[in-house]
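S.K.: Predicted structure and sequence below. I'll ask about it afterward.
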Amino acid sequence: MTQSDLDIVKKTAKLARLELGEAEAAKFGEQFGRILHAFEKLAKLDVANVEPMTGATALSDVVRDDRSKPSLARERVLANAPKQDGEYYDVPKTVGGES
């Protein structure tokens, strides 16, 4: 690990507002060094004839047609509710204390 790797770790930790001990900084410094070394190798590759891509495979999203269709009947939906209040689900209050 070089001093510059350690400096990068300390600067990044400061920007992220993380407190790192010397042992942690040294550990992450070694990891940063390996990562930066890998990027240096990648930077040397000739990619002039490589098509840009957004992922490792040529997959595309399969989506259904956006069509309007009738919704479920209210009675059928409310039949699944453990508790009802007229036309609505009755659920316990989750924010702000007791109901």
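M.R.: Yep, it's here.

S.K.: Show me the shaky parts of this protein.
M.R.: Where the chain drops to pLDDT under 70, the residues are 1, 97-99.

S.K.: The longest helix along it: how far from the chain's middle?
M.R.: Scanning the chain for the longest helix, with DSSP state H as the assignment, gives helix 22-43. Chain-centre distance of helix 22-43: 22 Å, with C-alpha atoms, centre = their mean, to the nearest Å.

S.K.: cool, stretch 8-24 as well?
M.R.: Relative to its chain's centre, stretch 8-24 lies at 22 Å (C-alpha atoms, centre = their mean).

S.K.: Could you do stretch 30-47 as well?
M.R.: How far stretch 30-47 lies from its chain's middle: 24 Å, per C-alpha atoms, centre = their mean.

S.K.: next one: stretch 87-99
M.R.: 30 Å.

S.K.: just stretch 72-80 next, same as before
M.R.: 35 Å.

S.K.: what's the answer for stretch 51-64, then?
M.R.: Counting by C-alpha atoms, centre = their mean, stretch 51-64 comes out at 19 Å from the chain centroid.

S.K.: just stretch 56-65 next, same as before
M.R.: Computed by C-alpha atoms, centre = their mean, the separation of stretch 56-65 from the middle of its chain amounts to 20 Å.

S.K.: distance between the ends of that stretch?
M.R.: In stretch 56-65, first residue to last residue: 27 Å (C-alpha to C-alpha, to the nearest Å).

S.K.: so how far is residue 73 from the residue of the chain most remote from its centre?
M.R.: Distance from the centre of the chain peaks at residue 86, with 39.7 Å (C-alpha atoms, centre = their mean). Look at residue 86 and residue 73: by C-beta to C-beta, to the nearest Å, they are 16 Å apart. Quick note: C-beta positions are derived from backbone N, CA and C, even for glycine.
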